[in-house]
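1. One predicted model, sequence on top.
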Amino acid sequence: MKNMSRILGVIFCMVGWTRPVMAAPELPSRELIMGVAAINVLDNSDRRLAGAVEARFEPITWCLQPWTGITYEGKQSYLIAAGLVLTKQTRSGFRFSIGWAPSYYHRGGGKDLGGELEFYSFGEIGWMFPNQHVISLRFGHISNAGFKSYNPGTELLELGYSFPLRW
């Protein structure tokens, strides 16, 4: 987990947090994201597919947005998350995001993660089209952060498509 945070920090520093000479494309203030995820991507014995739906809302500050989402895996297991996402949009159309959320996990027939309270963190890279639609690739980690004695955690790799919500 520490290494993933360091890698994401280096990426964000390389992209730069200073004001660019040319303005970056504007981030949508609200968006809906739909995705398909491979769960247990680092576990060779139990890979599964899941569907995901997420909503991002009006930014709290410059590029920090609240978000909520659900990831459902076919064996009646699901994760409901609500947290914060930090997004940096570049002039070239790329965008980089990191997010974190406390989450409720219902095991169903899925992997035993040690409890119902889980924490979901992710790094994401995406490409924004001129119409503000985005295609993205996300790597995430889910674990109970050691609050339970059994904490196997799991990773997911998600391909997502988002579009702005206008209301």
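-> Arrived safely. Numbers count the residues shown, from 1 in each chain.

2. switch to C-alpha atoms for all contacts and neighbour counts from now on
-> Fine.

3. To which secondary structure element type does the most centrally placed residue in the chain belong?
-> In the chain, the centroid-proximal residue (Cα atoms, centre = their mean) is residue 122; its distance is 4.6 Å. Following DSSP: H, G, I helix; E, B strand; the rest coil, the label given to residue 122 is strand.

4. mind checking how far it is from residue 85?
-> Separation of residue 122 from residue 85 (Cα to Cα, to the nearest Å): 9 Å.

5. now do residue 41
-> 22 Å.

6. Compare those two (neighbour count), which wins?
-> residue 85 (22 against 18; other Cα atoms under 10 Å).

7. List the contacts of the more buried one.
-> 64-67, 97-100 (Cα atoms under 8 Å, 6 or more residues apart in numbering).

8. Now do the shared contacts for residue 122 and residue 85.
-> Common neighbours of residue 122 and residue 85 (Cα under 8 Å, 6+ apart) are 98-100.

9. Weed out the non-buried ones from those residues.
-> Among the shared contacts of residue 122 and residue 85, those classed as buried by neighbour count (16 or more other Cα atoms under 10 Å) are 98-100.

10. out of those, which are inside strands?
-> 98-100 (DSSP state E).

11. count of residues packed around the nearest residue in space to residue 95 that is not next to it in sequence?
-> Once flanking residues are discounted, residue 95 sits nearest to residue 89: 4.3 Å by Cα to Cα, 6 or more residues apart in numbering. Per other Cα under 10 Å, the neighbour tally for residue 89 reads 22.

12. From what I see, residue 89 and residue 27 are in contact.
-> Yes: between residue 89 and residue 27 there is a contact under Cα atoms under 8 Å: 7.0 Å.

13. Helix or strand next in line after the lowest-mean-pLDDT helix or strand in the chain, which one?
-> Within the chain, confidence by mean pLDDT, DSSP states H and E is lowest for helix 2-15 among all helices and strands, at a mean of 50. Following helix 2-15 in sequence order, the next helix or strand is strand 31-39 (DSSP states H and E).
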